[in-house]
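Novice: let me see the structure of the following:
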Amino acid sequence: DDVAVVVRGPEGSKVGVVIERAGKTVDFILTREPIKITSVRSYLGDKPGVGKVGVVRIKSFSGTTAETVKSELEGLKKKGATRL
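Specialist: Alright, predicted model coming up:
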């Protein structure tokens with residue numbers, strides 16, 4: 001947690017990180033950027049006797065999960081999913 005607190009900051013700003021590996025230290029200068037975490041994924045499967053089945057997987061929940069799931073379901077329907 002301590003590292004995360006130090007590494008967080010305004011987008012585009014720089015932060016120095018020192019890593020110790022095998023007794024040697026290596027310095028890095030990193031430019032902060034937003035990290036996009038994909039918590040919802042979907043795919044279309046074809047199951048014999050059933051047809052095209054749309055599957056939505058939720059890895060974690062956040063404030064945008066419901067809207068993302070709705071969007072993924074609409075996308076699967078457009079791709080021809082007959083069941084979800």
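
Novice: any figure for the gap between the residue lying farthest from the centre of the chain and residue 5?
Specialist: Here the chain reaches farthest from its C-alpha mean at residue 23, the gap being 33.6 Å by C-alpha atoms, centre = their mean. The gap separating residue 23 from residue 5 is 26 Å, by C-beta to C-beta, to the nearest Å. For the C-beta atoms, the positions are set from N, CA and C on the backbone; glycine is no exception.

Novice: cool, residue 54 as well?
Specialist: When residue 54 is compared with residue 5 (using C-beta to C-beta), they lie 40 Å apart.

Novice: compare these two (neighbour count), which wins?
Specialist: residue 54 (19 against 8; other C-beta atoms under 10 Å).

Novice: how about the longest helix along the chain: buried residues?
Specialist: Assignment by DSSP state H gives helix 65-78 as the longest helix of the chain. For helix 65-78, the neighbour count (16 or more other C-beta atoms under 10 Å) marks 68, 69, 72, 76 as buried.

Novice: if you drop the residues flanking it in sequence, what lies closest to residue 82?
Specialist: Sequence neighbours aside, residue 51 is the residue nearest to residue 82 in space, at 4.1 Å (criterion: C-beta to C-beta, 6 or more residues apart in numbering).

Novice: could you do residue 46 as well?
Specialist: With C-beta to C-beta, 6+ apart, the residue lying closest to residue 46 is residue 52, at 5.6 Å.
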